[in-house]
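S.K.: pasting the structure only:
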């Protein structure tokens, strides 16, 4: 048996086309959807992520600007920058790129972004709406992307046992909330495993769908899944490899080659969940512009 690949790039492209159509409608009414990225310091990964998001926004006709602040920026200074963007009616979405320097509280900063401009879906109000099943808030981009991957691959979680590996605030917890809702594309039975879960394979072997988001390189092995299961790999990990120019290679949270021999569907890495995160961010930004112009 060899698993069928779920092509995240192809599905993300479909979403981008839909987003671009919505951008054109806004532009025809003289509304220019805009997002501001805030990056503190020169973390290479953060720089690369913001550049990718900025490039995609430009391709879709979304105005994007990046505010780069020095590493030693104080929390108070950053809060003032966020407050100014909250008050700027020409900025519809705000994304503060994590990680932030250790002297700045991500919780405080994320909570300072206006919920109406919180296109990353991290504000407590948007998290609360998600838990309540209130669809008026913004959903966190990566778990929302996982849900879209399933929906657009005609994989219905209803009645399925979904095991999520990882309880983080960015993926694990919000994804569990999304998939257990009484709604289309949800209605799943959720098991949330984490670093203190004993005998993880006892749960993964029961799973119809597994989402690996633990941040442990190639953690999920083929003997941990049942034949025909669906595996979504969210992880991005560096593994040392002296044969490569950079000295490392990027791998996911699953043993890809092995899992492909047992699963029915699997996401590649790269090319799976990653492109979906950016697609959902762009869609959220356009939605923010639409919501802030209710007379459309």
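M.R.: Sure, I can see it. In this text, all values refer to a predicted model and were calculated from it rather than measured experimentally.
S.K.: Contacts only, for the closest residue to residue 287 other than its chain neighbours.
M.R.: By the measure of CB to CB, 6 or more residues apart in numbering, the closest residue to residue 287 outside its immediate chain neighbours is residue 138, 7.5 Å from it. Every residue, glycine included, has its C-beta placed from N, CA and C. Contact partners of residue 138, counting by CB atoms under 8 Å, 6 or more residues apart in numbering, are 115, 118-121, 123, 126, 284, 287-288.
S.K.: quick one: which of those is most hemmed in?
M.R.: Tallying neighbours with other CB atoms under 10 Å puts residue 118 at the head of the contacts of residue 138, with 27 neighbours.
S.K.: doesn't residue 94 make contact with that residue?
M.R.: Yes - here residue 118 reaches residue 94: they are 7.1 Å apart, a contact under CB atoms under 8 Å.
S.K.: For residue 257, grab phi and psi.
M.R.: Main-chain torsions, residue 257, degrees, to the nearest 10: phi -60, psi -40.
S.K.: Contacts only, for residue 94.
M.R.: By CB under 8 Å, 6+ apart, residue 94 lies in contact with 35-36, 38, 82, 85-86, 113-114, 117-119.
S.K.: cool, residue 211 as well?
M.R.: By CB under 8 Å, 6+ apart, the neighbours of residue 211 are 146, 162-166, 171, 175, 232, 234.
S.K.: Quick one: buried ones out of these?
M.R.: Neighbour counting with 16 or more other CB atoms under 10 Å marks 146, 162-166, 171, 175, 232, 234 as buried within the contacts of residue 211.
S.K.: Filter the residues you listed down to just the ones in strands.
M.R.: Here DSSP state E is the test, and the buried ones among the contacts of residue 211 give 162-165, 232 as lying in strands.
S.K.: which one among the contacts of residue 138 gets closest to residue 179?
M.R.: Nearest to residue 179, judged by CB to CB, of those is residue 121 at 15.3 Å.
S.K.: So what's the residue count around the nearest residue to that closest one once chain neighbours are set aside?
M.R.: Among residues not flanking residue 121 along the chain, residue 140 sits closest, at 3.8 Å (CB to CB, 6+ apart). Applying other CB under 10 Å, we find 26 residues neighbouring residue 140.
S.K.: any idea how far residue 73 is from residue 140?
M.R.: The gap separating residue 140 from residue 73 is 25 Å, by CB to CB, to the nearest Å.
S.K.: and if you look at residue 174?
M.R.: Plainly put, residue 174 is 28 Å away from residue 73 if you go by CB to CB.
S.K.: what does residue 135 give?
M.R.: Distance, residue 135 to residue 73, using CB to CB: 35 Å.
S.K.: got it, and residue 189?
M.R.: Residue 189 sits 45 Å away from residue 73 when distances are taken as CB to CB.
S.K.: Residue 261 now?
M.R.: When CB to CB is the yardstick, residue 261 and residue 73 sit 49 Å from each other.
S.K.: of the two, who's got more company?
M.R.: residue 73 (18 against 12).
S.K.: Burial check on the nearest residue to residue 160 once chain neighbours are set aside, number of neighbours?
M.R.: Among residues not flanking residue 160 along the chain, residue 208 sits closest, at 4.0 Å (CB to CB, 6+ apart). Neighbours of residue 208 under the rule other CB under 10 Å: 18.
S.K.: Just the pLDDT for residue 208.
M.R.: For residue 208, the pLDDT comes out at 98.
S.K.: So it sits against residue 227, correct?
M.R.: No - contact between residue 208 and residue 227 fails when scored by CB under 8 Å: they sit 11.4 Å apart.
S.K.: and the nearest residue to residue 262 once chain neighbours are set aside, how many neighbours?
M.R.: Using CB to CB, 6+ apart and skipping the chain neighbours, the partner closest in space to residue 262 is residue 222 (4.7 Å). Neighbour count for residue 222, taken as other CB under 10 Å: 16.
S.K.: all helices for the protein, in order.
M.R.: In the chain, the segments counted as helices under DSSP state H are 8-28, 44-60, 75-87, 106-112, 124-132, 141-152, 172-179, 200-204, 256-259, 273-291.
S.K.: Would you single out the least confident of those?
M.R.: helix 44-60 (a mean of 94).
S.K.: quick one: buried residues of it?
M.R.: Buried residues in helix 44-60, counted by 16+ other CB under 10 Å: 46, 49-50, 53-54, 56-57, 60.
S.K.: residue contacts, the closest residue to residue 150 other than its chain neighbours?
M.R.: Spatially, and ignoring its direct neighbours in sequence, residue 150 is nearest to residue 157 (6.2 Å; CB to CB, 6+ apart). Residues counted as contacts of residue 157 (CB under 8 Å, 6+ apart) are 150, 179, 185-188, 209.
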